[in-house]
Structure formats: structure tokens, C-alpha cells
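Peer 1: I'll drop the sequence and a predicted model, then ask my questions.
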Amino acid sequence: MQISTALSIDTLEQGFNLDDWHVSPHSNSLHSNSTLDTKHLESKAMQVLLQLAGHAGDFVSRDKLLASVWNTRFVTEDVLTGAIAAIRKALGDDPKQPHFIETRRGVGYRLIVKAVPMQAGQKASSKPRPVWSFAGLALLTVIILVFTFPDKVETPLENKVLPEIPTLAVLPFADYSQNKGNGYFSDAVTEALIQKLAELQQFRVISRTSIMPYRDTEKSARQIAEELGVDWFVEGSVLHHDDQVRITAQLIDASQDEHLWAGHFDRSFTDIFALINDVVTAISLPVINSAVIAQPNQTAIAHNYELPPEQLDRYLMARYLLSKQAAVPARQALAQFTLLSEQTPDFFGGYLGQAQALLLLFKQSQLDHSALDTALQAIQRSLEINPQASEAYRCRGQILFFRDLDYLQAESDYLTGITLNASDHIARRRYAWLLVAQQRYPEARQQLTEIKRLDPIYYADAANALLMLYAGDASAAIADLERLKISSPDSVDIHSVLWRAYLADGQVQQGTSQMLEWLRLRGLQVEQHTALQQLLNQQAYTHFYQAVLDQDLVSSPLHQAMLQLRLEQIDIALDLIEQAWQTRNPSLAYLPVMPNFQRLHNQLRFKSLLSQLPPPNKLQSLSSNL
């Protein structure tokens, strides 16, 4: 007969063992010491397991479990049945022949095995375990709500053979915080770690856009490694409780499924920047000890900032909104960054975010050129406070490029930003655009090659295809865009570039067909679509373009100019390009390399416009090393 053992719930919350399983209530996880599997429960299911463990050997009635876990709220018994089923599934328990949980109709449930509490300071296991469930990371130490200052567990690299410049990916961190409504916090930690690790200059760090699709993935380590082309992973979790934060992280050899280092770090919420630096420093140390790759750039971890809790939360939320790269959240982020700059004038991040939001809204035609003046003032203040902020140089380079066509200073800023953070794929992309504008195609292709390494999942997008088109490789642009269409058939951006690429390549039928699809995706009326489709079927292309112009279906002066050229209306096309010039359309920086306007290069009016653009810079010798 099972001996009844009553245990305190407070004691069990620190962690306990059920035979081979170690249970971590605060991370809602169960870890098998034999199979190395990690399972995760919803919080209510874990509370049910805690109640059963506290009365191991005794039956606990359904009413008592419902009252204890759901606090006497009106819920049906189905929620308890579901919780029991979830626990059994996690433990691999057969309800017909139970090893862990027994059901007795009309009486309740009991935990058959003995729950053994963890002793103070005891670890679940001394051996690091490779576990690949990113919805909830198997912690190497028990997460408890009694916070201390950094307490780390490290596994040395010993004599491992490491790549000369390892490629590293920071996978999305799991969020074990009680308030999941603040889910942006784990995203902010992930983004900050990517930025800081890249600035160390020890690794080639994969971009945020490429790692975010792996949140909650079921893929194996080797699958992800092959898709991202990485040598190492950093993965982990965050726990934000009251005014304390714990970050648990581990460094993993992707090819061997083997841990290289693991540790956890605790600080107050307002010390989040110092906490990020703790983690980054700890990850770099075992790498340094291997004596294989370069020492880290110490200036990258020299800047710690402490903000009041309300301002810190505002900053993290604003960064999260800005990452969406859309107009509405960008306006919300701008308001938060502006307020942050007013309330904390010595913090560079508020000014940087303000400038980035203004620049994004300008590029999306939400603000006019005056926004760039405000953005430049903000970014200058940001650099005065923190001259090592690589993002700030990238941002200033874009502002100067769009506002003044100041190619020389823009290039200098891009190169400075890339020098500070060689893994900044956005800086490299903006730099590639500048190089293409100056017809420095070999250097632009060099940057595109590196971007592909840093952003392997989202490298093939409409923007990079347009870059290739402007660099004179229409066939490569078309090939990438056609591949993209398979997964994103309704993308307006893809079809916008695709019709121009086909026409530039002399494929009139395909180009006109893609233009019709682009118009449809932008809201073309049914009767308009039918009429244009008939013209397309008849291969009446000039009538097709004329109908598009007559019905004002294309608003961009440059797009209208392209169609006028198809109709041999050269003077009208030049009028439209000059109209765009008067409005300071930022796309005009690429006028010399737009293939759809190649036939205008012998026109005096067109030559006059091109003469107003800056000549190519002479910094090739610097860029060739990046």
C-alpha cells in the first residue's frame, strides 16, 4: 500500500523529482534524466500536479482540486480532466495501467509515486543536456523566485576545434514570466543579445528576421543549423517577476548537438542593460579561452544604462513596435521614443529610436522631407551620448542619403557602422543600395553575398531582387522573385518589382501579365480587371498601358513614366521624371541604373538630371575589406 506523504506546496515549488522526472514548477517544465526529454505544461496543469504531489499517496477530490487551482471560479470539470490528461501525456502515463496518476471514480485522483523535494542548492543534473524544444527551454538550473546576483554554471570548451569565424544564431528566447501580456520583453532580450554579440566582432551573427521563424519550432538542431548555415546556437529563456529578471542561456555546438557553455544571471529589471552585458561577456569567455578566435571588442559591452522602470518598459515596448516595420506601430513607437527622449535626455536609445521611426515613416511616404531634419537632429544627439552605437551610424547614413544625396558622408557612416558591427545586414543592404546608385556593381555584389550569409531566410526578398535588377542582373532578379511568389503569391512588393524586371528583360507578355496581377492586388475593380485581361489576351499591349494611364491606376510619376516610354511618349516621360525630381523622390538616386529608363540616357533633359546627382565616391579601398 502507498504510504501517504504530505508535503508543503512552498517546498515543492522549489522543484521536485518523480522517479526519473525532475519537475520545475516555476518554468512549468518536466525533464527526464534518462531520455533527456523536456515536456512543458500549462500553468494550471502544473498547479494540479503540485496539489497531487503535496498529497502523494492520498486521493484528492475533484472539488478540492478545482477549488485550489481555479480559486472557486465557475468552471466545468472538463478543465480538470484536460489538465490531468496533459500531465499524463507529459509523463507518458497510461491511465489504464497507471504508474504516476490513478483515477478512482467518485473519489478523485492520487499521485502514486513519491514526490522527492529538491534540497537547497541542489541541481537537477550536473550534466548539460541538449534539448531542442524552443517553446520552453530545459533549464540547467532550477528557476526559483528567490533571486540572487549572477550565479553561473559553465562547461568549458576544452580542446574543441572551432571555426575561424563561427557563425552564431540567437534563437528566440522563451518567456517564463507570469505576465505573458508583456511578451515583447523576451523579444527585446533576444534582439539586444543579437546586437551585442554581433558588436563583439567574434562571430558572424544571423539576423533577427531569419531567427524569428524558429520560435516554438519542432525542428531538430541539425535541421536549423543546415537552414541557417550556423556553427553555434545561443538559446535560453527570460523570467520577469516583480522587479527582478533572470536570463538563462546556453551556447550549443549545432553540428554535434553538444553544450559548450550554460549559465543563468539575475538582476533587477532596471539593470537589464547590465544583465544583457553579463550574458554576452559570459558567452564570449569560453570562446576566448579556446584561443581560436579574436578577443571581443570591449567597447561593445562598456555601455550600461539604468532607466526608471516605467521608462525602461516604454523603451522596450517602443523597440518592439518599431520592429514591426509598419506605419501604424511606427507612429506609436515614435510617440513613445519622443516622450522617452524628453523624460530621459541622457539616454541615447530614445533619440536613436526617434530617428529610426521618423526615417521609416518617411520611406513609407507617411511624412515629408522635413521629418529627415528632425531625424538628423535626434541621431546627432544619440551619437553625442554614445559614439559606439553602430545602429546610429547606419541610420544617419540613410538620412544623409535621402535628404541631401550626400553619398560621401553616407558611405562613411555605413562603413563606420559595419566596422562596429560586421553582422549588421541592414547596414550592408543600405550600403549595397548606395553602391548600386553609383554603379559600383562588384562591391554591391560583395555586400549581397555577405547579406545572404547573415539573413539566409529572408535574403531573397523583393528589395534584394530590386537591387539585383538595378545592378544589371534582371534574370537573377526574376528567378528570385518567381521563387518568392510560391510562398507569397499575394505580395504587392514582389509583383511590383517583377513586372518591371520582365519588361526590362524584354519579356513583354510576362511583364504585362505581372503588372495586371500587381494592379489586382492593389484593389483593381472587377470590371477594370476584365477589360485589361481582354487586352492582355489580345496582346494589345499599347492599348493596355494607355488604359492603365487613362484610368489613373498607377500613381507613381516614375511608374507612369515607364508606361509612357512603352507608348513612345518620350517628352511626357521626361516631364514625369522632372515632376518626381521636384518632389525630391528618394528613388531618383537610382535613376542612372534603372533599366526601364536606359533608352533615355541619350536625351539632353535626362542627362541634365543625371548631372545633378553626385559622382561616384572614391572609398572603394575601404569597402573592399568589409
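Peer 2: Good, I have the coordinates. Note that the coordinates shown come from a computational prediction; the quantities given were computed from them, not determined experimentally.
Peer 1: tell me which helix or strand of this protein sits lowest on mean pLDDT?
Peer 2: helix 620-623 (a mean of 39; mean pLDDT, DSSP states H and E).
Peer 1: Below-threshold pLDDT in the stretch 251-400 of the chain: ranges please.
Peer 2: Across the stretch 251-400 of the chain, the ranges flagged by pLDDT under 70 are 257, 285-306.
Peer 1: Please disregard the earlier target; I meant the chain.
Peer 2: In the chain (pLDDT under 70), the answer is 1-6, 33-36, 71-79, 118-164, 178-183, 257, 285-306, 459-460, 615-626.
Peer 1: Would you map out the domains in it?
Peer 2: Per automatic domain parsing, the structural domains of the chain span 5-117, 167-301, 481-611.
Peer 1: Return the residues in contact with the spatially most central residue of the chain.
Peer 2: Per C-alpha atoms, centre = their mean, the C-alpha nearest to the average position across the chain is that of residue 208, at 3.1 Å. Residue 208 is in contact with 190, 191, 194, 323, counting by C-beta atoms under 8 Å, 6 or more residues apart in numbering. In this view, the C-beta of every residue, glycine as well, is placed from N, C-alpha and C.
Peer 1: can I have whatever helix or strand residue 373 lives in written out in CSV, keeping just the CAs?
Peer 2: Element membership for residue 373, per DSSP states H and E: helix 370-385. Output in CSV follows, covering the C-alpha atoms of helix 370-385 (Å, rounded to 0.1, in the frame of the first residue of the first chain):
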residue,chain,number,x,y,z
SER,A,370,11.0,67.9,-43.0
ALA,A,371,10.9,64.7,-41.0
LEU,A,372,14.5,64.0,-42.0
ASP,A,373,15.7,67.2,-40.5
THR,A,374,14.1,66.2,-37.1
ALA,A,375,15.6,62.7,-37.5
LEU,A,376,19.1,64.1,-38.2
GLN,A,377,18.9,66.2,-35.0
ALA,A,378,17.9,63.2,-33.0
ILE,A,379,20.6,60.9,-34.4
GLN,A,380,23.3,63.5,-33.8
ARG,A,381,22.3,63.7,-30.1
SER,A,382,22.3,59.9,-29.9
LEU,A,383,25.9,59.8,-31.3
GLU,A,384,27.0,62.5,-28.9
ILE,A,385,25.9,60.3,-26.0
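Peer 1: need the next SSE after it, C-terminal direction.
Peer 2: Next helix or strand after helix 370-385 toward the C-terminus (DSSP H and E): helix 390-404.
Peer 1: how much space is there between residue 63 and residue 109?
Peer 2: Going from residue 63 to residue 109 by C-beta to C-beta, to the nearest Å gives 12 Å.
Peer 1: Just name the most buried of the domains of the chain.
Peer 2: Neighbour counts (mean count of other C-beta atoms under 10 Å) averaged over each of those peak at domain 167-301, with a mean of 20.
Peer 1: How far off centre is that one?
Peer 2: Relative to its parent chain, domain 167-301 has a centroid offset of 13 Å by C-alpha atoms, centre = their mean, to the nearest Å.
Peer 1: do the same with stretch 431-445
Peer 2: With C-alpha atoms, centre = their mean, you get 26 Å for stretch 431-445.
Peer 1: List the buried residues of it.
Peer 2: 431-438, 440-441, 443-445 (16 or more other C-beta atoms under 10 Å).
Peer 1: just those now: which is nearest residue 103?
Peer 2: Proximity of those to residue 103 (C-beta to C-beta) peaks at residue 432, which lies at 63.6 Å.
Peer 1: From residue 48, how far off is the residue lying closest to residue 441 once chain neighbours are set aside?
Peer 2: Distances taken as C-beta to C-beta, 6 or more residues apart in numbering place residue 471 nearest to residue 441, at 4.9 Å, with adjacent residues excluded. Residue 471 sits 61 Å away from residue 48, going by C-beta to C-beta.
Peer 1: now residue 388
Peer 2: The spacing between residue 388 and residue 48, counted by C-beta to C-beta, is 51 Å.
Peer 1: Surely residue 381 touches residue 351?
Peer 2: Yes. Counting by C-beta atoms under 8 Å, residue 381 does reach residue 351; the two are 4.6 Å apart.
Peer 1: the more surrounded of the two?
Peer 2: Counted by other C-beta atoms under 10 Å, residue 381 and residue 351 do not tie: residue 351 has more neighbours, with 27 against 18.
Peer 1: these two touch, right, the more buried one and residue 376?
Peer 2: No. With contact defined as C-beta under 8 Å, residue 351 does not reach residue 376; the gap is 10.9 Å.
Peer 1: a helix runs through residue 562, doesn't it?
Peer 2: Yes. Assessed by DSSP: H, G, I helix; E, B strand; the rest coil, residue 562 belongs to a helix.
Peer 1: Thought residue 598 was touching it, still the case?
Peer 2: No. Counting by C-beta under 8 Å, residue 598 is not a contact partner of residue 562; they are 11.2 Å apart.
Peer 1: hang on, the earlier thing: and for residue 381 and residue 351, which residues touch both?
Peer 2: The contact lists of residue 381 and residue 351 share residue 341, where a contact means C-beta under 8 Å, 6+ apart.
Peer 1: Quick one: residues contacting the residue nearest to residue 441.
Peer 2: Residue 471 neighbours (C-beta under 8 Å, 6+ apart): 436, 441, 444, 445, 593.
Peer 1: Setting aside sequence neighbours, what's the nearest residue to the last one?
Peer 2: Read that as residue 593. Leaving aside its sequence neighbours, residue 593 sits nearest to residue 470 (C-beta to C-beta, 6+ apart; 4.5 Å).
Peer 1: The one you found and residue 413: what is the separation?
Peer 2: 21 Å.
Peer 1: Of these two, give the one with the bigger neighbour count.
Peer 2: It is residue 413, of residue 470 and residue 413, that has more neighbours when counted by other C-beta under 10 Å, with 26 against 23.
Peer 1: helix/strand/coil for the more buried one?
Peer 2: Taking three-state DSSP, the label given to residue 413 is helix.
Peer 1: With adjacent residues omitted, what lies nearest to it?
Peer 2: Nearest to residue 413 is residue 397, by C-beta to C-beta, 6+ apart, at 3.4 Å.
Peer 1: what number of residues lie near that neighbour?
Peer 2: 26.
Peer 1: Who are the contact partners of it?
Peer 2: 409, 410, 411, 412, 413, 414, 417, 427, 430, 431, 434.
Peer 1: In PyMOL, how would I select the buried members of the residues you listed?
Peer 2: Buried residues within the contacts of residue 397, by 16+ other C-beta under 10 Å, are selected in PyMOL with:
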select buried, resi 410+411+412+413+414+417+427+430+431+434
